[in-house]
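**Q** the following block contains a protein sequence and its predicted model.
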Amino acid sequence: MCGSKRVWVSELIFILLLVKWWWSEGCLEQERSALLQLKHFFNDDHRLQNWVDDENYSDCCQWERVECNNTTGRVIKLDLTQTRKWESAEWYMNASLFTPFQQLESLDLIGNNIAGCVENEGLERLSRLNNLKFLHLDFNCFNNNIFSSLGGLSSLRHLSLAGNELDGSVDIKGKVSFIPSPVSHLLWILFH
C-alpha cells in the first residue's frame, strides 16, 4: 500500500511539472506595459480594444494580435496590421518601443501609414531583438532611406516591403539587389 501511494504521489508531481512546463502564468508585466505604450501610437482602439490596463484583462498573452510562448509567457509575435486610424496622417515611428519584447520572432506593421522613424530611434534598434525573423512593413510610406537602418538586423529571415515608396536600385551589403517594378513596388527578401 505504501508503494502504490508513493507511485501516485510521484505521478501527481510529474503531472504538475508537466502542466507548469506546458502552460505559463501569462505575460510579463514589463511586456504588458510596453504593449500599452504601443497602443497610444497604434491608435485604432477598435482593433486593439482588449489592450486595456484592467485586472480582468491583465494577461496580454490573451490579447488580440499578441502571441506568446506557452512556456515562458514572453511575446513572440505582434500583429499590428492596420492598427492606426485610416484618416491619421503619415507618422514617424519610434522603433525602440519594440525592444522590451526580447523573444519577439515576428512583427507585422502592415498598412499603418509609417513614413519612417524618429531620429536615432530607427529600425536599427530592432537589432537588439536576436530572435526577430519576420518583419512585415508592407503598405506604409517608407522610401529608400529605410535600407540604411536594416543592415544590422542579422537575425531576419524574411522582410516584406511591398507597396512602399521605393525607387531605383539598392544593394544591402551584397545580400540583396532590388530594382523596383513601376507596377508593383514589391520587395520580398529572403536572407537565408
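**A** Right, received. Where do you want to start?

**Q** pull up the gap between the residue nearest to the spatial centre of the chain and Lys39, please.
**A** Central residue of the chain (Cα atoms, centre = their mean): Leu107, 2.8 Å from the mean position. Going from Leu107 to Lys39 by Cβ to Cβ, to the nearest Å gives 15 Å. Where you see a C-beta, it was placed from the backbone N, CA and C, and this is true even at glycine.

**Q** just Arg65 next, same as before
**A** Arg65 is 11 Å from Lys39, by Cβ to Cβ.

**Q** so where's this protein shaky on pLDDT?
**A** 1-25, 169-192 (pLDDT under 70).

**Q** what segments of it are strands?
**A** 66-68, 75-79, 91-93, 106-108, 114-117, 134-136, 158-160, 170-172, 176-178, 188-190 (DSSP state E).

**Q** quick one: closest of those strands to Glu29.
**A** For the strands of the chain, proximity to Glu29 was assessed by Cβ to Cβ; strand 75-79 is nearest, at 12.2 Å.

**Q** pull the residues that contact that closest one.
**A** 27, 31, 35, 60-61, 65-69, 98, 101, 103-108, 131 (Cβ atoms under 8 Å, 6 or more residues apart in numbering).

**Q** try it again at 10 Å.
**A** With contacts defined as Cβ atoms under 10 Å, 6 or more residues apart in numbering, strand 75-79 is touched by 27-28, 31-32, 34-35, 38, 42, 47, 60-61, 63-70, 98, 100-110, 131-132, 134, 136.

**Q** what about the closest residue to Glu31 other than its chain neighbours, distance to His46?
**A** Closest residue in space to Glu31, ignoring its immediate chain neighbours: Val75 at 5.1 Å, by Cβ to Cβ, 6 or more residues apart in numbering. Here Val75 is placed at a distance of 21 Å from His46 (Cβ to Cβ).

**Q** same check on Val66?
**A** Counting by Cβ to Cβ, the gap from Val66 to His46 is 16 Å.

**Q** the more surrounded of the two?
**A** A count of neighbours by other Cβ atoms under 10 Å puts Val66 above the other of Val66 and His46, at 23 against 7.

**Q** and the more buried one, what does it touch?
**A** Val66 touches 27, 31-32, 35, 48, 50-51, 59-60, 75-80, 101, counting by Cβ under 10 Å, 6+ apart.

**Q** great, nothing more from me.
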